[in-house]
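A.B. asks: sequence isn't available, so here's the structure alone:
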């Protein structure tokens with residue numbers, strides 16, 4: 001096996017590992033929001049529909065990340081990173097200054113899990129975006 005072939009295989013393994021981990025984190029983000037929506041957040045104006053939309057988007061982006069062709073991977077990964085970053089920003093805003101008249105607490109169910117999953121998704125998907133752009137170029 002040549003060095004170039006080994007490097008290509010290593011790069012492909014890294015890319016698929018990041019794709020899989022990113023998809024798992026996006027699906028987890030979706031599941032957390034769906035679970036919280038069922039647990040009562042659905043009754044909160046604006047927040048309820050946003051949680052349901054986030055759940056659908058998390059699952060859809062997870063699937064997209066796994067099925068998108070390599071030439072479109074950077075865009076899909078960037079879209080997932082932006083969605084996770086936006087969700088993370090909404091969590092922080094709702095906990096600090098409030099969001100749409102709703103103030104969250106770090107003592108809320110799944111708050112810490114949500115924070116770490118969304119932060120992890122941002123990091124993993126940002127790295128995947130960079131890797132995909134470099135592979136394309």
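C.D. replies: On my side now, so go ahead. Not measured: the values here are computed from a predicted model. Residues are numbered from 1 along each chain as shown.
A.B. asks: just checking, next helix/strand downstream of the lowest-mean-pLDDT helix or strand in the chain?
C.D. replies: Taking mean pLDDT, DSSP states H and E as the measure, the chain has helix 3-38 as its least confident helix or strand, at a mean of 88. Reading on from helix 3-38 to the C-terminus, the next helix or strand found by DSSP states H and E is helix 47-67.
A.B. asks: so which elements touch that next one?
C.D. replies: helix 3-38, helix 73-96 (3 or more Cβ pairs under 8 Å, 6 or more residues apart in numbering; DSSP states H and E). Bear in mind the C-beta positions are built from the backbone N, C-alpha and C, glycine included.
A.B. asks: the inter-axis angle of that helix versus helix 3-38?
C.D. replies: 160 degrees (axes from the mean of the first three to the mean of the last three Cα atoms, to 10 degrees).
A.B. asks: helix 47-67 vs helix 73-96, what angle?
C.D. replies: Using the same axes, to 10 degrees: helix 47-67 against helix 73-96 is 160 degrees.
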